[in-house]
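Novice: have a look at this prediction, sequence included:
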Amino acid sequence: GAGVSQTPSNKVTEKGKYVELRCDPISGHTALYWYRQSLGQGPEFLIYFQGTGAADDSGLPNDRFFAVRPEGSVSTLKIQRTERGDSAVYLCASSPSGGSNTGELFFGEGSRLTVL
Amino acid sequence: RKEVEQDPGPFNVPEGATVAFNCTYSNSASQSFFWYRQDCRKEPKLLMSVYSSGNEDGRFTAQLNRASQYISLLIRDSKLSDSATYLCVVNPRQGGKLIFGQGTELSVKP
């Protein structure tokens, strides 16, 4: 497909477990973003990659959260020792150029994480 | 104080009505501004950019007041298909992350 692909679409885990969420951006898009969205809230910024490097990780809530993009394409968001408060939809987005100059981020359908 | 604030609504309006959404942002140095639309259980999608001079796209008009740090979206002649959540979005500096507001829910009724 031509859009941003996220897997898994749904993940149910137990408190304390480790979770990985994957994002496959639109081919050729250099910028990749992770957001999370709770019910009734707007997307909350987590981290932004320009190529392989994290250009801004100021939104990561604590050191349990980590993201990588080793080859400048696919990215993985990793959450250690999950807590119930981590339950949310994790959205990945990509854009063609550095940053969000045009304002257009192309979002995936999200990965819904439920921590029991 | 949140960086981007919106009235969460919901706004319930009849078809054909005109409805306006407001948004304020806290960072006076913010560079660019947008409205996104998010349908229920779907991903957000760009609706339109917001320019200082104001801009229009069909039934949608967006305006920016930098002095007041205020953004608005006006929808004329509402359609049932306009029912969605409208997200006010700010880019604090050129490039980089976008900051989303809470979203304002619109429900257009027949």
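Specialist: All right, it came through fine.
Novice: show me what contacts the residue most central in space within chain A?
Specialist: Nearest to the geometric centre of chain A sits A:Trp34, at 3.1 Å (C-alpha atoms, centre = their mean). A:Trp34 sits next to A:23, A:46-48, A:67, A:75, A:77, A:90-92 when contact means C-beta atoms under 8 Å, 6 or more residues apart in numbering or on different chains. (C-beta placed from N, C-alpha, C; glycine too.)
Novice: pretty sure A:Gly51 sits against A:His29.
Specialist: No: A:Gly51 lies out of contact with A:His29 (C-beta atoms under 8 Å); the separation is 10.5 Å.
Novice: so between those two, which is more surrounded?
Specialist: The residue with more neighbours, out of A:Gly51 and A:His29, is A:His29; 17 against 14, by other C-beta atoms under 10 Å in any protein chain shown.
Novice: tell me the secondary structure of that one, please.
Specialist: Three-state call for A:His29 (DSSP: H, G, I helix; E, B strand; the rest coil): coil.
Novice: any idea how far A:Pro96 is from it?
Specialist: Distance, A:His29 to A:Pro96, by C-beta to C-beta, to the nearest Å: 5 Å.
Novice: that older thread, of the contacts of A:Trp34, keep whichever come out buried.
Specialist: A:23, A:46-48, A:67, A:75, A:77, A:90-92 (16 or more other C-beta atoms under 10 Å in any protein chain shown).
Novice: ok, which pair from those residues is furthest apart?
Specialist: Pairwise distances across the buried ones among the contacts of A:Trp34 peak at 14.2 Å for A:Tyr48 and A:Tyr90 (criterion: C-beta to C-beta).
Novice: helix/strand/coil for the residue nearest to the residue nearest to the centre of chain A when sequence neighbours are not counted?
Specialist: With sequence-adjacent residues excluded and distances taken as C-beta to C-beta, 6 or more residues apart in numbering or on different chains, A:Trp34 is closest to A:Leu46, at 4.2 Å. Of the three states, A:Leu46 takes strand under three-state DSSP.
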